[in-house]
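> model this:
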Amino acid sequence: MSADGTKRSGKPTTILVRGVNWLGDAIMTIPALEALREARPADSITLLSHSKLADLWKSHSAVDRVIGFDRSEPVWTLARRLRGERFDLALILPNSVRSALECFLARIPARIGYARHRGLFLTNRVRPRTAERRMRKRSGAEIRRLIRHPEISQPNTQIPLEAHHLHDYLHLVAALGAPATPRAPRVFVQPDEQQVFCPKIRIGADQERGNPDLRNECRSRIWSRQTLAH
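Numbering: from 1, shown residues only. Here you go, the predicted structure:
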């Protein structure tokens, strides 16, 4: 297998993407997975996702299938399940030790991710981007203060768009030959989901049929770069 995960035999590569564990982070991985799909159209892409996020991907064209897991499942048990799939390559999106250990114990031959503090479990260690900015978690007191005084919350114009977390995931898939060009995340909503979703945001059936913008809002959600910048 070459450095970018392509089989020397020319046969399709079976890729496991170890997904992230939180909804907001999962949304930020969508552009990277779409770029990976465009770069590797003949390869099989399976997403290993926390079960609570599995429905996010069930209609998305970037992945061929989803394997769900729960945090309560022991790492040894999950690794045994993955071992039976005989994946050629694992792309590990989270930075946690556990996510790398799962793929290591599953005996996946090529394992790609940011080294951080788990480089021992990776075969291809991707260097962090030069524009990377580490996130700081706000304290509860800071969040309550911002809620009481929203006027003091201003976009930080000193941080460039390239520092956004979305670019970290694009940088990872670039190691597999995918373009790192940013794009807006897209989430697709199926007709049965529309019936549940639209009433919750007070869009009536007649109103939806008469307004193509509202109808499209129900079918998909696309975030612009301007939205992501804030």
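> residues contacting residue 80?
residue 106 (C-beta atoms under 8 Å, 6 or more residues apart in numbering). (Each C-beta comes from the backbone N, C-alpha and C, glycine too.)
> mind running it again at 10 Å?
74, 105-106 (C-beta atoms under 10 Å, 6 or more residues apart in numbering).
> wait, is it part of a helix?
Yes - secondary structure of residue 80 (DSSP: H, G, I helix; E, B strand; the rest coil): part of a helix.
> who's in contact with stretch 112-124?
Residues from elsewhere that reach stretch 112-124 (C-beta under 10 Å, 6+ apart): 1, 3-5, 15, 17-18, 89-105, 108-111, 125-129, 132, 168, 171-173, 175-176.
> where's the lengthiest strand in the chain relative to the chain centroid, distance-wise?
Ranked by residue count and defined by DSSP state E, the top strand of the chain is strand 44-50. Between the centre of strand 44-50 and the centre of its chain there are 10 Å (C-alpha atoms, centre = their mean, to the nearest Å).
> Can you mark which positions in that strand are buried?
By neighbour count with 16 or more other C-beta atoms under 10 Å, strand 44-50 contains the buried residues 44-50.
> same thing with stretch 117-132?
Buried residues in stretch 117-132 (16+ other C-beta under 10 Å): 118, 121-124, 126, 129.
> Let me see the mean pLDDT of it.
Stretch 117-132 carries an average pLDDT of 87.
> now stretch 52-65
91.
> Only alpha carbons, please: show it as PDB.
The C-alpha trace of stretch 52-65 is given here as PDB (Å, rounded to 0.1, in the frame of the first residue of the first chain):
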ATOM      1  CA  LYS A  52     -26.300   8.700  18.900                       C
ATOM      2  CA  LEU A  53     -24.900  10.300  15.700                       C
ATOM      3  CA  ALA A  54     -25.500   7.400  13.200                       C
ATOM      4  CA  ASP A  55     -28.700   8.900  11.800                       C
ATOM      5  CA  LEU A  56     -26.800  12.000  10.700                       C
ATOM      6  CA  TRP A  57     -24.900   9.900   8.200                       C
ATOM      7  CA  LYS A  58     -27.500   7.300   7.000                       C
ATOM      8  CA  SER A  59     -28.500   9.400   3.900                       C
ATOM      9  CA  HIS A  60     -25.200  11.000   3.200                       C
ATOM     10  CA  SER A  61     -23.400  10.100   0.000                       C
ATOM     11  CA  ALA A  62     -19.900  10.600   1.500                       C
ATOM     12  CA  VAL A  63     -20.100   7.200   3.300                       C
ATOM     13  CA  ASP A  64     -21.100   3.700   2.100                       C
ATOM     14  CA  ARG A  65     -22.200   2.500   5.500                       C
END
